[in-house]
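>>> sequence unknown, structure follows:
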């Protein structure tokens, strides 16, 4: 039985913190692969603006290409409307019935679990894996398996803000992703829109 980590998010842009988290969970839980699952429309962020899906997919491809255990899973991009994890995992379990799935979430999402769509049903088909982060509570009534990851305080919001202010983002994201952002003029003048 293959053990697969599922790492969902907007990845706008994908950064080295995402890669660090995925790699630590991959090795700590002895997973076969980690599938990066970019959202079409995250239910908890429906009011926010995101970069075009095509840009987010291309950046993710560039970010993960050097790790053969990292794969891109576009199942949520292929469906219209909000991306509910329960619906996605039902589809993945139908397609890969013999796979065991570990859904990777950050500490911020651990606190948010009670509000997830069909959380109790979701727990029947996936093992939640929480990545610890400073400033967030790890207390949850749900069976979450926690993994310690070296601290690396970076976020996609930070990257977007730094690009907008013409500040350096070297070493926060891969060089190929940095070049892609620059070449496509992503995240510039976002504060004026």
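In hand now; what should we look at? This structure is a prediction, so every number in the text was calculated from the model and none was measured. Residues are numbered from 1 along each chain as shown.
>>> just list what the helix or strand of the chain with the lowest mean pLDDT packs against, helices and strands only.
The least trusted helix or strand in the chain, going by mean pLDDT, DSSP states H and E, turns out to be helix 107-112, with a mean of 82. Judged by 3 or more CB pairs under 8 Å, 6 or more residues apart in numbering; DSSP states H and E, helix 107-112 is in contact with strand 127-131. Just so you know, the C-beta spots here come from the backbone N, C-alpha and C atoms, and that holds for glycine as well.
>>> got the buried residues for the strand it packs on?
Within strand 127-131, the residues that count as buried by 16 or more other CB atoms under 10 Å are 128-131.
>>> what does stretch 61-78 give?
62-64, 70, 73, 75-77.
>>> how distant is it from the center of its chain?
How far stretch 61-78 lies from its chain's middle: 11 Å, per CA atoms, centre = their mean, to the nearest Å.
>>> can you tell me what sits against it?
Outside stretch 61-78, the residues that touch it by CB atoms under 8 Å, 6 or more residues apart in numbering are 6, 8, 11, 13-15, 18-19, 22-23, 26, 31-40, 53, 57, 60, 83, 88, 91-92, 173-174, 176-177, 180.
>>> run a quick neighbour tally on residue 101.
By other CB atoms under 10 Å, 19 other residues sit near residue 101.
>>> that older thread, which one of the buried residues of stretch 61-78 is nearest residue 142?
residue 76 (21.9 Å; CB to CB).
>>> quick check: the closest residue to the closest one other than its chain neighbours vs residue 25, distance?
Closest residue in space to residue 76, ignoring its immediate chain neighbours: residue 83 at 4.1 Å, by CB to CB, 6 or more residues apart in numbering. Distance, residue 83 to residue 25, by CB to CB, to the nearest Å: 20 Å.
>>> give the buried residues for stretch 20-39.
20-22, 24-26, 29, 31, 33-39.
>>> surely residue 102 and residue 8 touch.
No - between residue 102 and residue 8 there is no contact under CB atoms under 8 Å: 12.0 Å.
>>> all strands of this structure, in order?
Secondary structure of the chain, counting by DSSP state E: strands at 3-9, 33-38, 70-72, 100-106, 127-131, 144-147.
>>> quick one on the thing from earlier: what is the neighbour count of the residue nearest to residue 76?
Residue 83: 20 neighbours (other CB under 10 Å).
>>> what distance do you get for it to residue 75?
Relative to residue 75, and taking CB to CB, residue 83 is found at 9 Å.
>>> now residue 108
23 Å.
>>> so, low pLDDT: which residues of the protein?
In the predicted model of the chain, residues 41-48, 134-137, 190-193 satisfy pLDDT under 70.
>>> in it, which spans are helices?
In the chain, the helices defined using DSSP state H lie at 16-28, 53-64, 85-95, 107-112, 119-125, 156-164, 175-183.
>>> list the helices and strands the fifth one packs on?
Taking 3+ CB pairs under 8 Å, 6+ apart as contact, the helices and strands that helix 119-125 lies on are helix 85-95.
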